[in-house]
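In: Provide a 3D model corresponding to the input given below.
(4 chains)
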Number of protein chains: 2
Amino acid sequence: MTTEVKKSRGRPRVFDMDEALDQALFIFWEKGYEGASVAEFTETLGINKPSLYAAFGNKEALFQKALAKYTAGPAAFVQAVVREPTAFKVAQAFLYQAATFLTDATHPKGCMIVQAALSIGDHAGTVKQLLIQYRAGYEQLLATRFEQALIAGDLAEDANPQLLAKLLATLHQGMSVQATSGATREELLALADFALKQWPTATLKATA
Amino acid sequence: MTTEVKKSRGRPRVFDMDEALDQALFIFWEKGYEGASVAEFTETLGINKPSLYAAFGNKEALFQKALAKYTAGPAAFVQAVVREPTAFKVAQAFLYQAATFLTDATHPKGCMIVQAALSIGDHAGTVKQLLIQYRAGYEQLLATRFEQALIAGDLAEDANPQLLAKLLATLHQGMSVQATSGATREELLALADFALKQWPTATLKATA
DNA sequence: ATATTTATATACCGATTGGTATTTATATAC
DNA sequence: GTATATAAATACCAATCGGTATATAAATAT
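Out: Okay, the predicted model is just below:
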(Lines give C-alpha, C1' and ligand atoms only; values in the text may rest on other atoms or scores of the structure.)
Protein backbone atom coordinates (compact mmCIF):
# COMPACT_ATOMS: atom_id res chain seq x y z
CA MET A 1 0.00 0.00 0.00
CA THR A 2 1.79 3.07 -1.26
CA THR A 3 1.13 6.58 -0.06
CA GLU A 4 -1.84 8.03 -1.90
CA VAL A 5 -1.05 11.37 -3.50
CA LYS A 6 -4.02 13.66 -3.12
CA LYS A 7 -4.80 14.97 -6.59
CA SER A 8 -6.80 18.13 -6.62
CA ARG A 9 -7.80 20.14 -9.58
CA GLY A 10 -6.45 23.62 -10.02
CA ARG A 11 -2.95 24.95 -10.40
CA PRO A 12 -0.61 23.19 -8.00
CA ARG A 13 1.08 25.18 -5.25
CA VAL A 14 4.68 25.79 -6.18
CA PHE A 15 6.03 25.91 -2.61
CA ASP A 16 5.87 23.48 0.27
CA MET A 17 3.51 24.81 2.91
CA ASP A 18 5.26 22.98 5.68
CA GLU A 19 8.68 24.30 4.72
CA ALA A 20 7.26 27.76 4.27
CA LEU A 21 5.69 27.64 7.71
CA ASP A 22 9.01 26.57 9.16
CA GLN A 23 10.72 29.55 7.59
CA ALA A 24 7.99 31.86 8.83
CA LEU A 25 8.40 30.36 12.28
CA PHE A 26 12.09 31.14 12.28
CA ILE A 27 11.44 34.74 11.30
CA PHE A 28 8.82 35.28 14.00
CA TRP A 29 11.09 33.50 16.46
CA GLU A 30 14.01 35.78 15.73
CA LYS A 31 12.31 39.13 15.23
CA GLY A 32 9.11 38.80 17.19
CA TYR A 33 5.59 39.44 15.95
CA GLU A 34 5.95 43.14 15.41
CA GLY A 35 9.54 43.01 14.19
CA ALA A 36 8.72 40.59 11.40
CA SER A 37 7.27 42.18 8.27
CA VAL A 38 5.11 40.55 5.64
CA ALA A 39 7.61 41.64 3.01
CA GLU A 40 10.29 39.68 4.82
CA PHE A 41 8.17 36.56 4.66
CA THR A 42 7.48 36.82 0.96
CA GLU A 43 11.14 37.52 0.17
CA THR A 44 12.42 34.67 2.30
CA LEU A 45 9.87 32.17 1.11
CA GLY A 46 10.26 33.31 -2.48
CA ILE A 47 6.55 33.76 -2.97
CA ASN A 48 4.39 36.82 -3.39
CA LYS A 49 1.90 38.25 -0.99
CA PRO A 50 -1.34 36.89 -2.47
CA SER A 51 0.09 33.38 -2.26
CA LEU A 52 1.04 33.92 1.36
CA TYR A 53 -2.35 35.28 2.27
CA ALA A 54 -4.18 32.56 0.35
CA ALA A 55 -2.18 29.86 2.11
CA PHE A 56 -2.09 31.14 5.67
CA GLY A 57 -4.50 34.06 6.05
CA ASN A 58 -3.26 37.32 7.50
CA LYS A 59 -0.18 38.03 9.59
CA GLU A 60 -1.82 37.09 12.86
CA ALA A 61 -3.11 33.79 11.47
CA LEU A 62 0.35 33.03 10.14
CA PHE A 63 1.76 33.71 13.57
CA GLN A 64 -0.72 31.39 15.23
CA LYS A 65 0.08 28.60 12.77
CA ALA A 66 3.80 29.13 13.31
CA LEU A 67 3.25 29.12 17.05
CA ALA A 68 1.38 25.82 16.87
CA LYS A 69 4.25 24.35 14.90
CA TYR A 70 6.67 25.68 17.49
CA THR A 71 4.93 24.04 20.41
CA ALA A 72 4.49 20.77 18.54
CA GLY A 73 8.08 20.74 17.29
CA PRO A 74 11.01 22.59 18.82
CA ALA A 75 9.27 23.28 22.11
CA ALA A 76 7.61 19.89 22.49
CA PHE A 77 10.03 18.93 25.25
CA VAL A 78 7.85 20.83 27.69
CA GLN A 79 5.01 18.36 27.21
CA ALA A 80 7.48 15.48 27.41
CA VAL A 81 9.24 16.31 30.66
CA VAL A 82 6.12 16.06 32.78
CA ARG A 83 6.12 12.35 32.05
CA GLU A 84 9.35 11.90 33.99
CA PRO A 85 8.80 9.59 36.96
CA THR A 86 9.54 12.01 39.81
CA ALA A 87 9.07 15.71 40.47
CA PHE A 88 12.81 16.18 40.73
CA LYS A 89 13.39 14.49 37.42
CA VAL A 90 10.69 16.64 35.87
CA ALA A 91 12.39 19.78 37.14
CA GLN A 92 15.81 18.56 36.13
CA ALA A 93 14.73 17.54 32.66
CA PHE A 94 12.85 20.80 32.21
CA LEU A 95 15.79 23.00 33.16
CA TYR A 96 18.44 20.97 31.37
CA GLN A 97 16.46 20.70 28.18
CA ALA A 98 15.51 24.36 28.38
CA ALA A 99 19.16 25.37 28.75
CA THR A 100 20.10 23.18 25.83
CA PHE A 101 17.23 24.26 23.64
CA LEU A 102 17.53 27.99 24.30
CA THR A 103 21.18 28.01 23.22
CA ASP A 104 20.81 25.69 20.24
CA ALA A 105 22.72 27.19 17.33
CA THR A 106 20.50 25.58 14.72
CA HIS A 107 17.65 27.99 15.42
CA PRO A 108 17.13 31.45 16.91
CA LYS A 109 18.22 31.85 20.53
CA GLY A 110 15.63 32.17 23.24
CA CYS A 111 12.01 31.08 23.44
CA MET A 112 9.46 32.40 21.00
CA ILE A 113 6.63 32.12 23.52
CA VAL A 114 8.58 34.24 25.96
CA GLN A 115 9.91 36.88 23.63
CA ALA A 116 7.85 37.22 20.47
CA ALA A 117 5.42 39.77 21.85
CA LEU A 118 6.47 40.97 25.29
CA SER A 119 6.43 44.68 24.58
CA ILE A 120 4.30 45.60 21.65
CA GLY A 121 2.05 48.28 20.18
CA ASP A 122 -1.69 48.34 20.72
CA HIS A 123 -2.53 46.89 17.33
CA ALA A 124 -1.07 43.54 18.33
CA GLY A 125 -2.61 43.24 21.76
CA THR A 126 -4.27 39.98 20.79
CA VAL A 127 -0.94 38.29 20.13
CA LYS A 128 0.50 39.56 23.39
CA GLN A 129 -2.42 38.09 25.29
CA LEU A 130 -2.15 34.84 23.38
CA LEU A 131 1.45 34.38 24.44
CA ILE A 132 0.58 35.23 28.03
CA GLN A 133 -1.90 32.36 27.89
CA TYR A 134 0.71 30.03 26.48
CA ARG A 135 3.11 30.92 29.26
CA ALA A 136 0.41 30.37 31.85
CA GLY A 137 -0.28 27.07 30.12
CA TYR A 138 3.09 25.47 30.53
CA GLU A 139 3.44 26.81 34.03
CA GLN A 140 0.14 25.18 34.92
CA LEU A 141 1.21 21.97 33.23
CA LEU A 142 4.15 21.81 35.61
CA ALA A 143 2.02 22.81 38.58
CA THR A 144 -0.46 20.02 37.92
CA ARG A 145 2.38 17.54 37.61
CA PHE A 146 3.81 18.68 40.94
CA GLU A 147 0.43 18.37 42.62
CA GLN A 148 0.41 14.76 41.54
CA ALA A 149 3.94 14.39 42.85
CA LEU A 150 2.89 15.75 46.20
CA ILE A 151 0.18 13.12 46.42
CA ALA A 152 2.54 10.45 45.15
CA GLY A 153 4.97 11.44 47.87
CA ASP A 154 8.02 12.44 45.89
CA LEU A 155 7.80 16.02 47.02
CA ALA A 156 8.25 17.26 50.58
CA GLU A 157 4.92 17.56 52.33
CA ASP A 158 5.27 21.30 52.80
CA ALA A 159 6.30 21.93 49.20
CA ASN A 160 4.15 24.30 47.19
CA PRO A 161 3.47 22.86 43.70
CA GLN A 162 2.29 26.15 42.24
CA LEU A 163 5.30 27.99 43.58
CA LEU A 164 7.71 25.37 42.29
CA ALA A 165 6.09 25.55 38.87
CA LYS A 166 6.33 29.33 38.88
CA LEU A 167 9.97 29.10 39.89
CA LEU A 168 10.75 26.84 36.95
CA ALA A 169 8.78 29.03 34.58
CA THR A 170 10.55 32.12 35.87
CA LEU A 171 13.95 30.51 35.50
CA HIS A 172 13.04 29.42 32.01
CA GLN A 173 11.90 32.89 31.05
CA GLY A 174 15.01 34.43 32.53
CA MET A 175 17.20 31.91 30.76
CA SER A 176 15.46 32.81 27.53
CA VAL A 177 16.48 36.44 27.98
CA GLN A 178 19.97 35.32 28.91
CA ALA A 179 20.27 33.20 25.78
CA THR A 180 19.23 36.15 23.65
CA SER A 181 21.82 38.25 25.44
CA GLY A 182 24.61 35.84 24.60
CA ALA A 183 24.77 33.45 27.55
CA THR A 184 26.29 30.08 26.69
CA ARG A 185 24.78 26.66 27.13
CA GLU A 186 27.33 25.86 29.86
CA GLU A 187 26.32 28.95 31.81
CA LEU A 188 22.65 28.10 31.64
CA LEU A 189 23.29 24.49 32.61
CA ALA A 190 25.29 25.70 35.61
CA LEU A 191 22.34 27.88 36.58
CA ALA A 192 20.05 24.89 36.28
CA ASP A 193 22.26 22.78 38.52
CA PHE A 194 22.45 25.50 41.11
CA ALA A 195 18.70 25.97 41.16
CA LEU A 196 18.11 22.23 41.49
CA LYS A 197 20.23 22.03 44.64
CA GLN A 198 17.37 23.22 46.77
CA TRP A 199 14.72 21.04 45.26
CA PRO A 200 12.39 19.91 48.02
CA THR A 201 12.56 16.18 47.47
CA ALA A 202 10.69 14.25 50.12
CA THR A 203 13.20 13.44 52.88
CA LEU A 204 12.18 9.83 53.42
CA LYS A 205 12.02 8.77 49.81
CA ALA A 206 14.80 7.99 47.39
CA THR A 207 14.99 10.01 44.21
CA ALA A 208 15.83 6.84 42.28
CA MET B 1 20.64 83.12 47.45
CA THR B 2 17.59 82.37 45.35
CA THR B 3 17.54 80.00 42.42
CA GLU B 4 18.73 81.76 39.30
CA VAL B 5 16.27 81.43 36.44
CA LYS B 6 18.19 80.96 33.22
CA LYS B 7 16.89 83.58 30.84
CA SER B 8 17.59 82.81 27.25
CA ARG B 9 16.49 84.72 24.25
CA GLY B 10 14.14 83.13 21.82
CA ARG B 11 10.62 81.82 22.22
CA PRO B 12 10.32 79.89 25.46
CA ARG B 13 9.54 76.16 25.34
CA VAL B 14 5.93 75.62 26.26
CA PHE B 15 6.37 72.14 27.75
CA ASP B 16 8.55 70.84 30.57
CA MET B 17 11.30 68.71 29.08
CA ASP B 18 11.64 66.66 32.22
CA GLU B 19 7.94 65.88 32.40
CA ALA B 20 7.88 65.14 28.71
CA LEU B 21 10.79 62.75 29.05
CA ASP B 22 9.00 61.01 31.88
CA GLN B 23 5.95 60.51 29.73
CA ALA B 24 8.08 59.24 26.88
CA LEU B 25 9.77 56.87 29.29
CA PHE B 26 6.43 55.42 30.33
CA ILE B 27 5.44 54.83 26.73
CA PHE B 28 8.69 53.11 25.83
CA TRP B 29 8.45 51.14 29.05
CA GLU B 30 4.98 49.88 28.27
CA LYS B 31 5.16 49.33 24.53
CA GLY B 32 8.84 48.77 23.87
CA TYR B 33 11.02 50.57 21.38
CA GLU B 34 9.35 49.29 18.28
CA GLY B 35 5.83 49.30 19.69
CA ALA B 36 5.95 52.98 20.57
CA SER B 37 5.27 55.36 17.71
CA VAL B 38 6.39 58.94 17.35
CA ALA B 39 2.77 59.94 16.83
CA GLU B 40 1.96 58.47 20.22
CA PHE B 41 4.60 60.62 21.84
CA THR B 42 3.42 63.84 20.28
CA GLU B 43 -0.20 63.10 21.14
CA THR B 44 0.56 62.18 24.73
CA LEU B 45 2.92 65.07 25.33
CA GLY B 46 0.60 67.49 23.56
CA ILE B 47 3.35 68.78 21.31
CA ASN B 48 4.03 68.41 17.63
CA LYS B 49 6.76 66.50 15.94
CA PRO B 50 9.22 69.29 15.18
CA SER B 51 9.20 70.28 18.85
CA LEU B 52 9.88 66.71 19.85
CA TYR B 53 12.73 66.33 17.41
CA ALA B 54 14.23 69.71 18.31
CA ALA B 55 14.17 68.85 21.99
CA PHE B 56 15.31 65.23 21.97
CA GLY B 57 16.61 64.32 18.51
CA ASN B 58 15.26 61.28 16.75
CA LYS B 59 13.40 58.29 18.15
CA GLU B 60 16.53 56.43 19.12
CA ALA B 61 18.00 59.47 20.90
CA LEU B 62 14.72 59.89 22.75
CA PHE B 63 14.89 56.26 23.78
CA GLN B 64 18.42 56.63 25.09
CA LYS B 65 17.49 59.70 27.10
CA ALA B 66 14.46 57.91 28.52
CA LEU B 67 16.62 54.90 29.32
CA ALA B 68 19.11 57.08 31.20
CA LYS B 69 16.25 58.54 33.20
CA TYR B 70 14.99 55.04 33.92
CA THR B 71 18.28 53.81 35.33
CA ALA B 72 18.78 56.97 37.35
CA GLY B 73 15.23 56.98 38.67
CA PRO B 74 12.89 53.98 38.88
CA ALA B 75 15.65 51.41 38.44
CA ALA B 76 18.24 53.10 40.64
CA PHE B 77 17.74 50.46 43.33
CA VAL B 78 20.12 48.21 41.41
CA GLN B 79 23.01 50.56 42.08
CA ALA B 80 21.91 50.92 45.66
CA VAL B 81 21.65 47.27 46.69
CA VAL B 82 25.32 46.52 46.06
CA ARG B 83 26.09 48.80 49.00
CA GLU B 84 24.43 46.38 51.40
CA PRO B 85 26.95 45.05 53.93
CA THR B 86 26.90 41.34 53.00
CA ALA B 87 26.47 39.31 49.84
CA PHE B 88 23.31 37.74 51.22
CA LYS B 89 21.83 41.12 52.01
CA VAL B 90 22.73 42.29 48.52
CA ALA B 91 20.94 39.32 47.01
CA GLN B 92 17.98 39.68 49.32
CA ALA B 93 17.62 43.40 48.71
CA PHE B 94 18.00 42.91 44.97
CA LEU B 95 15.31 40.24 44.72
CA TYR B 96 12.88 41.85 47.14
CA GLN B 97 13.15 45.26 45.57
CA ALA B 98 12.94 43.77 42.11
CA ALA B 99 9.76 41.90 43.03
CA THR B 100 8.29 45.06 44.50
CA PHE B 101 9.37 47.31 41.65
CA LEU B 102 8.29 45.01 38.83
CA THR B 103 4.74 44.82 40.18
CA ASP B 104 4.39 48.47 41.15
CA ALA B 105 1.02 49.69 39.94
CA THR B 106 2.19 53.28 39.55
CA HIS B 107 4.15 52.47 36.42
CA PRO B 108 4.22 49.84 33.67
CA LYS B 109 4.83 46.29 34.84
CA GLY B 110 8.15 44.62 34.15
CA CYS B 111 11.59 46.03 33.47
CA MET B 112 12.23 48.28 30.51
CA ILE B 113 15.81 47.11 30.16
CA VAL B 114 14.66 43.52 29.93
CA GLN B 115 11.68 43.94 27.65
CA ALA B 116 11.85 47.06 25.54
CA ALA B 117 13.76 45.49 22.65
CA LEU B 118 14.08 41.75 23.10
CA SER B 119 12.66 40.72 19.74
CA ILE B 120 12.80 43.41 17.18
CA GLY B 121 13.23 44.17 13.49
CA ASP B 122 16.57 44.83 11.85
CA HIS B 123 16.15 48.59 11.76
CA ALA B 124 16.43 48.78 15.54
CA GLY B 125 19.37 46.48 16.01
CA THR B 126 21.30 49.23 17.76
CA VAL B 127 18.74 49.52 20.51
CA LYS B 128 18.65 45.77 21.01
CA GLN B 129 22.41 45.69 21.46
CA LEU B 130 22.28 48.66 23.79
CA LEU B 131 19.89 46.88 26.13
CA ILE B 132 22.00 43.73 26.02
CA GLN B 133 24.88 45.87 27.27
CA TYR B 134 22.76 47.32 30.04
CA ARG B 135 21.76 43.84 31.16
CA ALA B 136 25.37 42.71 31.12
CA GLY B 137 26.15 45.85 33.10
CA TYR B 138 23.98 45.20 36.11
CA GLU B 139 24.90 41.54 36.12
CA GLN B 140 28.57 42.50 36.24
CA LEU B 141 27.84 45.02 38.96
CA LEU B 142 26.52 42.19 41.09
CA ALA B 143 29.37 39.88 40.11
CA THR B 144 31.98 42.40 41.15
CA ARG B 145 30.22 42.91 44.46
CA PHE B 146 30.19 39.17 45.08
CA GLU B 147 33.86 38.89 44.27
CA GLN B 148 34.48 41.42 47.01
CA ALA B 149 32.24 39.40 49.30
CA LEU B 150 34.24 36.28 48.59
CA ILE B 151 37.41 38.06 49.64
CA ALA B 152 35.68 39.61 52.62
CA GLY B 153 34.58 36.14 53.65
CA ASP B 154 30.82 36.47 53.65
CA LEU B 155 30.42 33.99 50.83
CA ALA B 156 31.29 30.30 50.98
CA GLU B 157 34.79 29.69 49.68
CA ASP B 158 33.59 27.53 46.82
CA ALA B 159 30.89 30.00 45.77
CA ASN B 160 31.04 31.31 42.21
CA PRO B 161 30.46 35.09 42.14
CA GLN B 162 29.80 35.24 38.41
CA LEU B 163 27.32 32.38 38.61
CA LEU B 164 25.53 33.92 41.57
CA ALA B 165 25.26 37.21 39.72
CA LYS B 166 23.92 35.45 36.65
CA LEU B 167 21.40 33.61 38.78
CA LEU B 168 20.09 36.85 40.23
CA ALA B 169 20.00 38.49 36.82
CA THR B 170 18.17 35.49 35.38
CA LEU B 171 15.65 35.49 38.19
CA HIS B 172 15.14 39.21 37.72
CA GLN B 173 14.61 38.82 34.00
CA GLY B 174 12.22 35.95 34.53
CA MET B 175 10.33 37.91 37.17
CA SER B 176 10.03 40.77 34.70
CA VAL B 177 8.31 38.47 32.23
CA GLN B 178 6.14 37.13 35.03
CA ALA B 179 5.11 40.62 36.08
CA THR B 180 4.10 41.42 32.51
CA SER B 181 2.12 38.20 32.43
CA GLY B 182 0.13 39.13 35.50
CA ALA B 183 2.07 37.65 38.42
CA THR B 184 1.41 39.42 41.72
CA ARG B 185 3.91 41.01 44.04
CA GLU B 186 3.27 38.30 46.64
CA GLU B 187 4.06 35.57 44.13
CA LEU B 188 7.32 37.20 43.12
CA LEU B 189 8.31 37.78 46.73
CA ALA B 190 7.65 34.12 47.46
CA LEU B 191 9.90 33.20 44.55
CA ALA B 192 12.58 35.48 45.94
CA ASP B 193 12.39 33.86 49.35
CA PHE B 194 12.60 30.41 47.87
CA ALA B 195 15.62 31.28 45.77
CA LEU B 196 17.39 32.84 48.76
CA LYS B 197 17.11 29.63 50.76
CA GLN B 198 20.11 28.15 49.07
CA TRP B 199 22.31 31.20 49.28
CA PRO B 200 25.87 30.03 49.93
CA THR B 201 26.60 32.11 53.00
CA ALA B 202 29.99 31.27 54.50
CA THR B 203 29.39 28.55 57.10
CA LEU B 204 31.59 29.99 59.82
CA LYS B 205 30.40 33.56 59.68
CA ALA B 206 27.23 35.10 60.94
CA THR B 207 25.02 36.86 58.43
CA ALA B 208 24.27 39.54 61.03
C1' DA C 1 -11.89 20.98 -26.43
C1' DT C 2 -14.17 23.29 -22.76
C1' DA C 3 -15.44 24.28 -18.07
C1' DT C 4 -13.96 24.55 -13.54
C1' DT C 5 -10.76 25.16 -9.99
C1' DT C 6 -6.81 26.84 -7.77
C1' DA C 7 -2.38 29.30 -7.63
C1' DT C 8 0.39 32.67 -9.64
C1' DA C 9 2.11 37.53 -10.72
C1' DT C 10 1.50 42.46 -11.13
C1' DA C 11 -0.21 46.25 -9.55
C1' DC C 12 -2.41 48.73 -6.42
C1' DC C 13 -4.81 50.35 -1.83
C1' DG C 14 -5.20 53.52 2.37
C1' DA C 15 -2.86 54.04 6.63
C1' DT C 16 1.11 54.64 9.21
C1' DT C 17 6.09 54.73 9.79
C1' DG C 18 10.08 58.01 11.17
C1' DG C 19 11.64 62.45 9.84
C1' DT C 20 11.73 67.64 7.84
C1' DA C 21 11.18 72.07 5.24
C1' DT C 22 8.83 76.17 5.85
C1' DT C 23 6.46 79.53 7.98
C1' DT C 24 4.88 81.93 12.03
C1' DA C 25 4.96 83.26 16.90
C1' DT C 26 7.35 84.84 21.07
C1' DA C 27 11.03 85.84 23.71
C1' DT C 28 15.62 88.78 24.69
C1' DA C 29 19.63 91.99 23.13
C1' DC C 30 20.77 96.20 21.40
C1' DG D 1 11.98 100.43 17.60
C1' DT D 2 14.93 96.53 15.01
C1' DA D 3 17.84 92.46 14.99
C1' DT D 4 18.45 88.01 16.63
C1' DA D 5 17.43 83.67 18.52
C1' DT D 6 14.50 79.96 19.59
C1' DA D 7 10.17 77.37 19.53
C1' DA D 8 5.56 76.23 17.56
C1' DA D 9 2.44 74.97 13.90
C1' DT D 10 1.24 73.38 9.46
C1' DA D 11 2.22 70.84 5.88
C1' DC D 12 4.75 67.78 3.66
C1' DC D 13 8.22 63.80 2.47
C1' DA D 14 9.61 58.98 0.86
C1' DA D 15 9.33 54.46 2.64
C1' DT D 16 7.06 50.90 4.65
C1' DC D 17 3.10 48.82 6.93
C1' DG D 18 -0.59 45.00 6.33
C1' DG D 19 -3.76 43.70 2.89
C1' DT D 20 -6.29 43.07 -1.82
C1' DA D 21 -8.37 43.57 -6.69
C1' DT D 22 -7.45 41.89 -11.06
C1' DA D 23 -5.72 39.29 -14.47
C1' DT D 24 -3.17 35.20 -15.97
C1' DA D 25 -1.25 30.49 -15.73
C1' DA D 26 -1.67 25.59 -14.84
C1' DA D 27 -3.83 21.74 -13.21
C1' DT D 28 -8.17 18.21 -13.36
C1' DA D 29 -13.09 16.83 -14.71
C1' DT D 30 -16.24 16.23 -18.16
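
In: And the pLDDT for residue A:55?
Out: With respect to pLDDT, residue A:55 has a value of 97.

In: Any idea how many residues pack against it?
Out: A count of nearby residues for residue A:55, using other C-beta atoms under 10 Å in any protein chain shown, gives 17. In short, each C-beta sits where N, CA and C put it, glycine included.

In: Now do the spatially closest residue to it that is not a sequence neighbour against DNA strand D, distance only.
Out: Closest residue to residue A:55 apart from its sequence neighbours, by C-beta to C-beta, 6 or more residues apart in numbering or on different chains: residue A:17 at 5.9 Å. Distance of residue A:17 to DNA strand D, given as C-beta to the nearest atom of the strand, to the nearest Å: 17 Å.

In: For residue A:17, grab the count of nearby residues.
Out: Neighbours around residue A:17, by other C-beta under 10 Å: 11.

In: and if you look at residue A:43?
Out: Residue A:43: 11 neighbours (other C-beta under 10 Å).

In: Look up how far DNA strand C lies from it.
Out: Where DNA strand C is concerned, residue A:43 sits at a distance of 12 Å (C-beta to the nearest atom of the strand).

In: residues touching the residue nearest the centre of chain A, list them.
Out: Nearest to the mean C-alpha position of chain A, by C-alpha atoms, centre = their mean, lies residue A:75 at 4.0 Å. Residues in contact with residue A:75 (C-beta atoms under 8 Å, 6 or more residues apart in numbering or on different chains) are A:101, A:111, A:112, A:113.

In: Closest to residue A:41 out of those?
Out: residue A:112 (15.4 Å; C-beta to C-beta).

In: hang on, the residue nearest to residue A:55 packs against residue A:54?
Out: No. Using C-beta atoms under 8 Å, residue A:17 is not in contact with residue A:54, being 10.7 Å away.

In: In which helix or strand does the residue lying closest to residue A:86 once chain neighbours are set aside reside?
Out: Distances taken as C-beta to C-beta, 6+ apart put residue A:154 closest to residue A:86, at 4.5 Å, once the chain neighbours are dropped. Here residue A:154 sits in a region with no helix or strand, counting by DSSP states H and E.

In: residues near residue A:154, how many?
Out: Residue A:154 has 22 nearby residues by other C-beta under 10 Å.

In: next one: the one 5 residues further on
Out: A total of 17 residues lie near residue A:159 under the criterion other C-beta under 10 Å.

In: mind listing the strands for chain A?
Out: With strands called from DSSP state E, chain A shows none.

In: Near DNA strand D, which residues of it? Just list them.
Out: A:7-12, A:36-40, A:48-50, A:53, A:58-60 (C-beta under 7 Å from any atom of the strand).

In: which among those residues end up buried?
Out: The neighbour count (16 or more other C-beta atoms under 10 Å in any protein chain shown) marks A:36, A:59 as buried among the residues of chain A next to DNA strand D.

In: and the residue of chain A nearest DNA strand C?
Out: Using C-beta to the nearest atom of the strand, the single residue of chain A nearest to DNA strand C is residue A:10, 2.1 Å away.

In: check contacts around the residue nearest to residue A:48 when sequence neighbours are not counted.
Out: Nearest residue to residue A:48, sequence neighbours excluded (C-beta to C-beta, 6+ apart): residue A:42, at 5.7 Å. By C-beta under 8 Å, 6+ apart, the contact set of residue A:42 is A:48, A:49, A:51, A:52.

In: Repeat that for residue A:173.
Out: Counted by C-beta under 8 Å, 6+ apart, residue A:173 has contacts A:111, A:114, A:135, B:173, B:174, B:177, B:178.

In: Tell me how far the nearest residue to residue A:49 once chain neighbours are set aside lies from residue B:199.
Out: Closest residue to residue A:49 apart from its sequence neighbours, by C-beta to C-beta, 6+ apart: residue A:42 at 5.4 Å. From residue A:42 across to residue B:199, the span is 52 Å (C-beta to C-beta, to the nearest Å).

In: show me where chain A has helices.
Out: A:17-35, A:38-45, A:49-56, A:59-72, A:77-81, A:87-102, A:112-115, A:125-152, A:161-180, A:185-196 (DSSP state H).

In: Tabulate those helices in CSV, adding columns for distance to residue B:186.
Out: Converted to CSV, the helices of chain A look like this (distance: least, C-beta to C-beta, whole Å):
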stretch, distance to residue B:186
helix A:17-35, 30
helix A:38-45, 42
helix A:49-56, 42
helix A:59-72, 30
helix A:77-81, 26
helix A:87-102, 22
helix A:112-115, 22
helix A:125-152, 16
helix A:161-180, 11
helix A:185-196, 21
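
In: out of those, nearest to residue B:145?
Out: helix A:185-196 (17.9 Å).

In: Is any residue of that closest one near chain B?
Out: Yes. On the criterion C-beta under 8 Å from any C-beta of the partner chain, helix A:185-196 is in touch with chain B at A:187, A:190, A:191, A:194, A:195.

In: Help me confirm that the residue nearest to residue A:86 comes into contact with residue A:90.
Out: No. At 9.5 Å, residue A:154 does not count as touching residue A:90 under the criterion of C-beta under 8 Å.

In: Residue A:110 contacts residue A:174, doesn't it?
Out: No. If you go by C-beta under 8 Å, residue A:110 and residue A:174 don't touch, sitting 10.9 Å apart.
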